[in-house]
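Peer 1: mind looking at a prediction? Sequence and model below.
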Amino acid sequence: MTAPTSPRIDQHPDIMALRAHSEETTASPAAQAVEALAVLCGVYLAASPWIVGFNGSSTLAINNLIAGVAFACLIGGFGSAYERTHSMSWAALGLAAWTIIAPWVVSGHGFATRAIVSNVIVGIVGCVLAAALAAMGTGRVRRWTP
């Protein structure tokens, strides 16, 4: 006796349409550019204590290193499985917002102006890029056709 065959969930029309939409979204040059810029933003955030020169402030330096690596990994993971990971853009948005307020929240030394300016600029850029990726995942971005 054979078991009744049930349709596979990965062949459901709604899931196939979602995958097609996700593939279309990530294949666009705009989505690839936003993702690449966001990964660079995360790498810069991780390296910023040594680039800007506030690595003597160990608490903020460690915070930026961890937040930058986490941001880059979150954003970098979107390309391979966008249909399942686009909602993690909100976590990346949270990390970028944390980057803005971290110099005032992280305990330790009084941080130099260059550390604060660097974190605020990188945080704002990260917020914009993460929000753009989240909007692309929901399909709320209008397409521009020449």
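Peer 2: It's in.
Peer 1: helix or strand right after the lowest-mean-pLDDT helix or strand in the chain?
Peer 2: Every helix and strand of the chain was ranked by mean pLDDT, DSSP states H and E. The lowest is helix 82-85, at a mean of 54. Later in the chain than helix 82-85, the nearest helix or strand by DSSP states H and E is helix 89-105.
Peer 1: contact partners of that following helix?
Peer 2: 38, 45, 60, 63-64, 67, 70-71, 74-75, 78, 111, 115-116, 119-120, 122-127, 129-131, 133-134, 137 (Cβ atoms under 8 Å, 6 or more residues apart in numbering). The C-beta positions use only the backbone N, C-alpha and C, and glycine is treated the same way.
Peer 1: and these, which of them are buried?
Peer 2: 38, 45, 60, 63-64, 67, 70-71, 74-75, 78, 111, 115-116, 119, 122-123, 125-127, 129-131, 133-134, 137 (16 or more other Cβ atoms under 10 Å).
Peer 1: of the contacts of helix 89-105, which belong to strands?
Peer 2: Counting by DSSP state E, no part of these is found in strands.
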